Each structure stands twice: as structure tokens, then as C-alpha cells.
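Asks: my questions are about this predicted structure, shown below with the sequence.
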Amino acid sequence: MNSRYEVVIGLEVHVQLTTKTKIFCGCSTEFGQSPNSQTCPVCLGLPGALPVLNQQVVENAIKAGLATNCQIAPHSIFARKNYFYPDLPKGYQISQFELPICEHGWIDIETAELGKKRVGITRIHMEEDAGKLLHNEVDSSAVDLNRACTPLLEVVSEPDMRSSDEAIAYLRQLHQIVVYLGICNGNLDEGSFRCDANVSIRPWGQTELGTRAELKNLNSFRFIKQAIEYEVERQIDVIEDGDEVVQETRLFDPDRGVSRSMRSKEEAHDYRYFPDPDLLPLQVSADWVTRVRDSLPELPLVKLQRYQDEMGLPAYDAGVLSAERPVAEYFEGLVALYNNPKVCSNWVMGEILGALKDKNLGIEDCPVSPELLAGILQRIDDKTISGKIAKTVFEEVWQSGKSADQVIEDKGLKQVSDSGAIEAIVDEVIAANPGPVAEYRGGKEKLMGFFVGQVMKASKGKANPGMANQLLKQKLS
């Protein structure tokens, strides 16, 4: 990166809400249905059809605002954003302009290079989505209006980010928040979470913002990072060549790693905003905001800190376990049954998440419930099984859905803690390994691990390893 210039980035993120119906009509929002099968006169913009606001959309907007430290406006209005495009059947988009529902918030981010930083949020407003153009190989296009009128939140940041890494940290944090809240599924491939990036550069020390270019509809964290870095270099080259950066909208081609000009950047007056005459001003009472605030889940950064402060988990463990709400709920369910957070953390991060990854499953589909896993850990504690045998029990519980006690009984896996039985095995191991015995007695004490391993092998993993260790030390001394 050219050190003569400071990068300035602001992001506009479109968050598709997980309501069952659209923002102004009763049509389904289910993804992947046949084209134009989820439409009605309202979302098609037919004459005389009137929009009716979906209350759940408003509630989700309040949740997003509270979770990002915004002020919730008691009075907001919907506006018509007028422009022509083939996938916009009404010729305007219902959005919010002068009076959005949420303003003046912030999100804390952290990057490895610069540490912690606060990024301001200018506004969050509700709006409807447009349809989708489908292009084929014979130079013709079709339009699918299933997505028209799908509820969106647009989250507009302040131009506070100074690198692609900061932009990605902000997006990941916002993505985590809206998924935690349950208001968005966060699926980037389906366009449920997509971003427009406003990028400009200016000489270091200059306070005036440079001319920005907007990179549209980026739906991959990797592509967003690539697009921003390409755009920064492009603008530097333009200025270094003696030209001026033009304010425009650009599209990023991830296959070639470059962006191309799409159109000159519009200003607000180009859209001729005016209040929508078919929708009443929205009134949000203080009681409503309080009810929503009381319903919010513990957010990921708060949860991460609690896991460290109250449970004593290392920062890494706390980060992994708090990153996704279903994983955190599984972990907390396990701790409620088996009150040893670090042991629970080890098993969830190791066996549970490892097995889920191998089988490409989400934790919601995990066949080993917190109750079943707690049963395994309790049998380790009471010496019924060893830690090694517990792995075998886990695999069988995963496959069969049986409890640890059933598996231990059915498979004969109960740990041998009878001193006489273990002593007999120890004697056999010592007799069978005269060479290592002589070396151990000659001072090579690291061989103790070898002897314990031989005892465990001879007992098929059932010998109490602590007892085996103790008897070996007595007989080898």
C-alpha cells in the first residue's frame, strides 16, 4: 500500500430479515422457489394495491439498533426512492430517508495490527428489496420478482475504516450480531448479507474526504477485501498519473480481480425522495423499545468476556465457543449439567466440533446432546472409564444415541480398578521387557510412559492408568 495516502472506507450493508412474509404484503420470503411464484398485486406494484407494514420487520430493526448502540427514533417515516430499473416493478423503492428508525450507533472491532477501534454507525433504516434479473447466453434477460418487497435493513457506517482488514473486521462483527439476534440467516451466497463499499483516498494529514467510488453488491468477505484493495491501488494510480478520481459506482469481477465502471454515482436528489403517501408515519413507543431490549440475547462480545471472567476460559476458547449462538447454547447447556467449564470447553471444541466438521453438520444436528456428553464426563470423574476409553464411548454414543452407561455396559468398557488384577498385568509387562526395565532402573525414567502404555495395551485400555502408574513405580524402584 502506498504510504503517501490514507484510505477511507464507509460501508453500506444490506441485511435481509428472516421474516416469513414480506415487508408490505403477505407473500412468502422463502428462498429458491420458482420464479415469480411468490408475488401479489402489492409487491408487483399494481394500481390500487396498498402496502401494509409488517410489524416483525419493525421489531427486528429495533433489535438491530439496540444491539449496535443506536438511538431508536420514536417517529420515523417511509419514503419513495424513485428510479427506473427492470427489476423494480413500481418504478420506486419504499425506503427511509430523512427520518430513519435507528441513528448514531457504533460497533467495536479489533484487528491484529491496530487492536481495538470503534466504528460509527450513521443510520439503520428499513426498506424493500428489488427483484432479480436473470441473464442468459443469448443476450436476453428475464426478471424474477420473488425477491421484490423482501424486507431489508440497510446499515450505513461512518467513513471510519482505514484498511480492508478493518472493513472485514467490521463486517464480521455486524454479521455475527444480526445472526445472533436471529433476524438474519447471514447466508452470503443467497445475498442475505451483502455490502456496498465506499472507498476513497486522501493525502496523509488532509481532513477533507477524497472522491469516493462505490463498489456494489459484494457478498463474500474474501471478495470484499480484494475489491477494496484493488480500488485503493486503482485510485492511487489515477492520482499518480495526474488524473482525478471520478465519483462512480463500480462492479468487482472476482474472476479477474478487477472492478469496472457501472454508472456515475447518484446523489440523493437524483432519486427525488418524498414521503410515501400510502404509509402512515411510524410511531415507536418507549415501552415497545423496552420490551425488545429485554428480549435481546446476550451478545457475542459480552458472552466472550463472561466466559473469560466468570468461567476462567482462555481467550481462544472463549472466542470459539461464543462465535456462534448455537455452539454457545450447547456449551452452556453442558456446563449446567457438568460444572467444569474448561473440561466442557475441551470436549466441545475437540470431539463435538471436530466430529461435526468431519460430517459437515451443524451443531443443531449433533446426535450427542449436552445430556449425553455430560454422562460421559461423569463416568470419567467416577473412574468408571478412563479418558482414553471415553473417546471410544463417545464414538459409540454418536453412532447409537445410547447413554454412556448403556454403551459401557453393552461393550464391557468399565475401567479395571482392582489392584490385584492390575498388579498381575504389571508383573507380566515387567517380565516381558527386561531391557527397558534395566534402562529405567539405570536412570532412564522417561520409559515410565512406555510401561504404562504396555499395561493399557494388555488390559485393552481398561486398566486404571493412575493405579497402573503407581504399581509400576513401586515394582520398578
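Replies: Alright, I've got the coordinates.
Asks: from here on, contacts and neighbour counts on C-alpha atoms
Replies: Noted.
Asks: hang on, Val13 is in a strand, isn't it?
Replies: Yes - going by DSSP: H, G, I helix; E, B strand; the rest coil, the assignment for Val13 places it inside a strand.
Asks: per-residue confidence at it?
Replies: Val13 carries a pLDDT value of 97.
Asks: cool, and Glu267?
Replies: pLDDT, Glu267: 67.
Asks: other SSEs contacting the helix of greatest length in the chain?
Replies: In the chain, with assignment by DSSP state H, the single longest helix is helix 221-240. In terms of contacts (3 or more CA pairs under 8 Å, 6 or more residues apart in numbering; DSSP states H and E), helix 221-240 is packed against helix 164-181, strand 193-203, strand 258-264.
Asks: residues contacting stretch 81-97, please?
Replies: 43-46, 76-80, 125-133, 143-145, 148, 271-274, 276 (CA atoms under 8 Å, 6 or more residues apart in numbering).
Asks: flag the shaky bits of the chain, pLDDT-wise.
Replies: By pLDDT under 70, the weakly predicted segments of the chain are 1-2, 265-269, 415-418.
Asks: quick one: the strands in the stretch 251-400 of the chain?
Replies: Listed in chain order, the strands of the stretch 251-400 of the chain (DSSP state E, counting those that start in this stretch) span residues 258-264, 274-275, 282-283.
Asks: hang on, the earlier thing: show only the entries of the contacts of stretch 81-97 found in strands.
Replies: 76, 79-80, 125-128, 132-133, 143-144, 274 (DSSP state E).
Asks: with neighbour count and distance to Leu282 added, can I get those residues in CSV?
Replies: Below are the ones in strands among the contacts of stretch 81-97 laid out as CSV (neighbours: other CA atoms under 10 Å; distance: CA to CA, whole Å):
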residue, neighbour count, distance to Leu282
Ser76, 20, 5
Ala79, 25, 12
Arg80, 20, 15
His125, 25, 12
Met126, 27, 11
Glu127, 26, 13
Glu128, 22, 16
Lys132, 17, 29
Leu133, 14, 32
Val143, 16, 32
Asp144, 18, 30
Phe274, 15, 15
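Asks: roughly how far apart are the spatially most central residue of the chain and Ile107?
Replies: Nearest to the mean C-alpha position of the chain, by CA atoms, centre = their mean, lies Gln176 at 4.2 Å. According to CA to CA, to the nearest Å, Gln176 stands 11 Å off from Ile107.
Asks: and what of Ala328?
Replies: Distance from Ala328 to Ile107, by CA to CA: 21 Å.
Asks: go on, Glu158?
Replies: Glu158 is 11 Å from Ile107, by CA to CA.
Asks: residues shared between the contacts of the two?
Replies: Here Glu158 and Ile107 have 119-121 as joint contacts, going by CA under 8 Å, 6+ apart.
Asks: so which of those residues is the most crowded?
Replies: Ile121 (25 neighbours; other CA atoms under 10 Å).
Asks: in space, what's closest to it - neighbours in sequence excluded?
Replies: Ser157 (4.2 Å; CA to CA, 6 or more residues apart in numbering).
Asks: so who does that neighbour touch?
Replies: So Ser157 contacts 10-12, 119-123 (CA under 8 Å, 6+ apart).
Asks: one more: Lys117?
Replies: Lys117 neighbours (CA under 8 Å, 6+ apart): 108-110.
Asks: would JSON lines of those with neighbour count be doable?
Replies: Converted to JSON lines, the contacts of Lys117 look like this (neighbours: other CA atoms under 10 Å):
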{"residue": "Asp108", "neighbour count": "15"}
{"residue": "Ile109", "neighbour count": "21"}
{"residue": "Glu110", "neighbour count": "15"}
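Asks: nearest spatial neighbour of Pro275, chain-adjacent residues omitted?
Replies: Closest to Pro275 by CA to CA, 6+ apart is Ala79, at 4.1 Å.
Asks: am I right that the one you found is in contact with Asp276?
Replies: Yes - at 4.7 Å, Ala79 and Asp276 qualify as touching, with contact defined as CA atoms under 8 Å.
Asks: does Val7 count as helix, strand or coil?
Replies: Quick answer, by three-state DSSP: Val7 is strand.
Asks: for it, list each beta-bridge partner.
Replies: Ile201 (DSSP bridges).
Asks: check contacts around it.
Replies: 161-163, 199-202, 232.
Asks: which residue ranges form the helices in the stretch 251-400 of the chain?
Replies: 286-295, 300-309, 315-322, 325-337, 341-347, 353-358, 370-381, 387-400 (DSSP state H, counting those that start in this stretch).
Asks: now Leu66: how far from Leu114?
Replies: 27 Å.
Asks: which of the two has more residues huddled nearby?
Replies: Set side by side, Leu66 and Leu114 show more neighbours around Leu66, with 18 against 10, by other CA under 10 Å.
Asks: torsion angles phi and psi at the more buried one?
Replies: phi -60, psi -40 (degrees, to the nearest 10).
Asks: from Trp106, how far out is the residue lying closest to it once chain neighbours are set aside?
Replies: Nearest non-adjacent residue to Leu66, counting by CA to CA, 6+ apart: Arg293, 6.9 Å away. To Trp106, Arg293 is 17 Å away according to CA to CA.
Asks: hmm, Cys102 is touching Glu59, no?
Replies: No - the pair Cys102 and Glu59 does not pass the contact test of CA under 8 Å, sitting 11.7 Å apart.
Asks: who's more crowded, the two?
Replies: Ranked by neighbour count (other CA under 10 Å), Cys102 and Glu59 place Cys102 first, with 26 against 17.
Asks: let me see the contact set for that one.
Replies: Residues in contact with Cys102, defined by CA under 8 Å, 6+ apart, are 61-62, 65, 70-73, 123-125.
Asks: which of these fall in helices?
Replies: Short answer: the contacts of Cys102 in helices (DSSP H) are 61-62, 65.
Asks: which one among those gets closest to Glu298?
Replies: Gly65 (14.8 Å; CA to CA).
Asks: wait, the closest one sits on Glu59?
Replies: No - taking CA under 8 Å as the definition, Gly65 is not a contact partner of Glu59, at 9.8 Å.
Asks: that older thread, just the buried ones from the contacts of Cys102?
Replies: Applying 16 or more other CA atoms under 10 Å to the contacts of Cys102, the neighbour count classes 61-62, 65, 70-73, 123-125 as buried.
Asks: what angle sits between the helix or strand hosting Val119 and helix 164-181?
Replies: Using DSSP states H and E, Val119 falls within strand 115-128. On the basis of axes from the mean of the first three to the mean of the last three CA atoms, to 10 degrees, strand 115-128 is oriented at 60 degrees to helix 164-181.
Asks: can you give the strand pairings for strand 115-128, parallel or anti for each?
Replies: strand 102-111 (antiparallel), strand 151-157 (antiparallel).
Asks: Glu423 and Leu471, how far apart?
Replies: On the measure of CA to CA, Glu423 and Leu471 end up 7 Å apart.
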